[in-house]
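In: Sharing a sequence plus its predicted fold:
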Amino acid sequence: MKGLNQLGAVETIFEEECEFSSTPSSPSPSFSSSRACLHSRVKAWSMRIGRETDILIRVQSICFHLHKDRVASQSSYLKRHLTETSDLTLSPPLNITAETFAAVAEFCYSGRVQMTPGNVAVVRTAAELLGMTAEGGLSHVAEALFRDVVGANGECATTVLRSCLPLLPEAETTASLVSRCIETLVYVHGVTRLKDVMEMQPRDFITVAESMGRRLENHDVLYKIVDTYLKEKKIEKVKEEERSGICNSIECSKLSRETLIECVRNPRMALRLVVQAVVVEHLNTRHSMALASAKRQKQRQRQRQGRRSMTLGDFLQRDAVLSETTKLRTAMDGTNGRIGRLEEEVRCMKRVLREFDEDERNALRSASFHFVDVEKGGGVKKGERWSTSWSRIEFDGGMGRSSFSVDAPKMSETFRQRLVSGFKNAFRLPNSAFNKTCSE
């Protein structure tokens, strides 16, 4: 959560001093009001029980002098941490602001809290983090108001959504607040009113998308939100692992047939999701064809049992089944075509990699053969490359020394071609005779 601005030199809920200070700044009017209200609540409770405050809770630069029995009875987190100490500091990763804690403390004393569309998400999240989830606790009170506010109209839902975004990821992981606001806005206005969502960082959007995926039975809306987000963010600016994480929130088995087809054709979707969509579409098509075939079989049986008794409805039903079968076959052919194209792309990639590896090996083999120019004399010397216009290879075949000259080939010829040309020149064989000799 985003905290308040750094508050002034030591603020406290009473007149007592606090040990730490901060950069001077003025508290917000709403915080001053809630703090004054809490001050009177705490004093009234002290007079009622005849005992002063016995614990100190520090939040940011504010000191709250409170009664242990009041806060521990409402918060399991505070009860656990105040067992062995009376001086507790709420600090990250428990990100709760001083203003929010003032509202929480007021609820501990009065059972009521001032909430508006602007702070209901903050209070709801804080109540969850502090373990105020008992029946009738702050979590239940804030949840009821959250549902009322978000469900009231789109403007209220937008206000709550904006207040939720700085609370991520806590607001989503604790109570799914952001995703619920988005669902309301999509229901009222469609995806076009989600400008604030499109400005999320990818890591926050992944958290929200995963939460929506767990909540929704149909993922068509989630697919549209994801597609819009990737489009608005410019896909090239989203890292591949982030794009995969976003797309993984979509379950293809929960997409309609029309959305599946769109997903397969959408270049913004991650490859893994596209492949899953192709497989699911293929399985759905096969299942539909099996059902259509079963319907045809039943129809034929009824026709055989009494052709004369067929009504107009029977004829219309038969035509509808035939039409549906034709559509399914067309869809299946299209799916097979897309699978074939994907397989061809994979084969092309493998072939390119294979050719690249062969070129690398040939280059290494060519670099390992070295020759010496006969004009310079001598045999083959290690480390010298064949770089002259013609060269000679000498060998002893047991009946005297033989040699043959090889004209330096062009750079475009392979080593095998150069070697074959040299042997043909050495033995003075025509092409046909040489080929026959090699085959033997």
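Out: Here it is on my side, so go on. Residues are numbered from 1 along each chain as shown.

In: What is the host helix or strand of residue 331 packed up against?
Out: Using DSSP states H and E, the element containing residue 331 is helix 312-367. In terms of contacts (3 or more C-beta pairs under 8 Å, 6 or more residues apart in numbering; DSSP states H and E), helix 312-367 is packed against helix 271-305, helix 415-427. Yep, even glycine has a C-beta here, placed from its N, CA and C like the rest.

In: Just want the angle from it to helix 271-305.
Out: 140 degrees (axes from the mean of the first three to the mean of the last three C-alpha atoms, to 10 degrees).

In: Distance from helix 312-367 to the middle of the chain?
Out: 27 Å (C-alpha atoms, centre = their mean, to the nearest Å).

In: Next: stretch 61-77.
Out: Using C-alpha atoms, centre = their mean, the offset of stretch 61-77 from its chain centre is 39 Å.

In: go on, stretch 222-240?
Out: 10 Å.

In: Name the surrounding residues that touch that stretch.
Out: With C-beta atoms under 8 Å, 6 or more residues apart in numbering as the test, stretch 222-240 has contacts from 182, 186, 191, 194, 197-198, 200, 202, 205, 209, 212-213, 216, 243, 246-247, 249-250, 255, 259, 262-263, 266, 268-270.

In: quick one: contacts for residue 126?
Out: If you count contacts by C-beta under 8 Å, 6+ apart, then residue 126 has 1, 96, 100, 101, 103, 104 around it.

In: Which of those fall within helices?
Out: 100, 101, 103, 104 (DSSP state H).

In: what number of residues lie near the third one?
Out: By other C-beta atoms under 10 Å, 24 other residues sit near residue 103.

In: Pull the contacting residues for the nearest residue to it once chain neighbours are set aside.
Out: Nearest non-adjacent residue to residue 103, counting by C-beta to C-beta, 6 or more residues apart in numbering: residue 113, 5.0 Å away. Taking C-beta under 8 Å, 6+ apart, we find residue 113 in contact with 103, 104, 106, 107, 123, 138, 141, 142.

In: Return the closest of the contacts of residue 126 with respect to residue 74.
Out: Within the contacts of residue 126, proximity to residue 74 (C-beta to C-beta) peaks at residue 104, which comes in at 8.3 Å.

In: Give me the below-cutoff pLDDT ranges for the stretch 51-200 of the chain.
Out: By pLDDT under 70, the stretch 51-200 of the chain has no low-scoring segment.

In: hmm, back to that, nearest to residue 345, of the contacts of residue 126?
Out: For the contacts of residue 126, the nearest to residue 345 is residue 1 (46.6 Å; C-beta to C-beta).

In: Remind me which helix or strand the residue nearest in space to the middle of the chain belongs to.
Out: What sits nearest the mean C-alpha location of the chain, by C-alpha atoms, centre = their mean, is residue 245, with 1.7 Å. Assessed by DSSP H and E, residue 245 sits inside helix 240-247.

In: ok but residue 180 is inside a helix, no?
Out: Yes: under DSSP: H, G, I helix; E, B strand; the rest coil, residue 180 falls within a helix.

In: Contact partners for it?
Out: With C-beta under 8 Å, 6+ apart, residue 180 has these contacts: 146, 150, 215.

In: Counting neighbours, what do you get for residue 239?
Out: Neighbours of residue 239 using other C-beta under 10 Å come to 9.

In: One more: residue 195?
Out: Considering only other C-beta under 10 Å, residue 195 is surrounded by 9 other residues.

In: And residue 106, by the same measure?
Out: With other C-beta under 10 Å as criterion, residue 106 counts 22.

In: In contact with it, which residues are there?
Out: Going by C-beta under 8 Å, 6+ apart, residue 106 touches 34, 37, 38, 41, 112, 113, 114.

In: what helix or strand does it sit in?
Out: Going by DSSP H and E, residue 106 is part of helix 98-110.

In: Counting neighbours, which bits of the following helix or strand past that helix end up buried?
Out: Using DSSP H and E, the helix or strand that follows helix 98-110 in sequence is helix 120-129. Using 16 or more other C-beta atoms under 10 Å as the test for burial, helix 120-129 gives 120, 121, 122, 123, 124, 125, 126, 127, 128, 129.

In: Output those residues in CSV; the columns should cover distance to residue 231.
Out: Shown next, in CSV, are the buried residues of helix 120-129 (distance: C-beta to C-beta, whole Å):
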residue, distance to residue 231
120, 31
121, 27
122, 31
123, 35
124, 32
125, 30
126, 35
127, 37
128, 33
129, 35
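
In: wait, which of the residues you listed is closest to residue 91?
Out: residue 129 (12.5 Å).

In: mind checking which helix or strand the closest residue to the closest one other than its chain neighbours is in?
Out: Of all residues not flanking residue 129 in the chain, residue 94 sits nearest, at 6.0 Å (C-beta to C-beta, 6+ apart). Assigned by DSSP H and E, residue 94 falls within no helix or strand.

In: and residue 94, how far is that from residue 128?
Out: Counting by C-beta to C-beta, to the nearest Å, the gap from residue 94 to residue 128 is 11 Å.

In: where does residue 36 land in three-state SS?
Out: Going by three-state DSSP: residue 36 is helix.

In: what about it, neighbour count?
Out: 12.

In: Show me which of the contacts of residue 180 are buried.
Out: Looks like the contacts of residue 180 have 146, 150 buried, using 16+ other C-beta under 10 Å.

In: wait, which of the contacts of residue 180 is closest to residue 352?
Out: residue 215 (43.7 Å).

In: Identify the residues contacting the closest one.
Out: Contacts of residue 215 by C-beta under 8 Å, 6+ apart are 176, 179, 180, 183.
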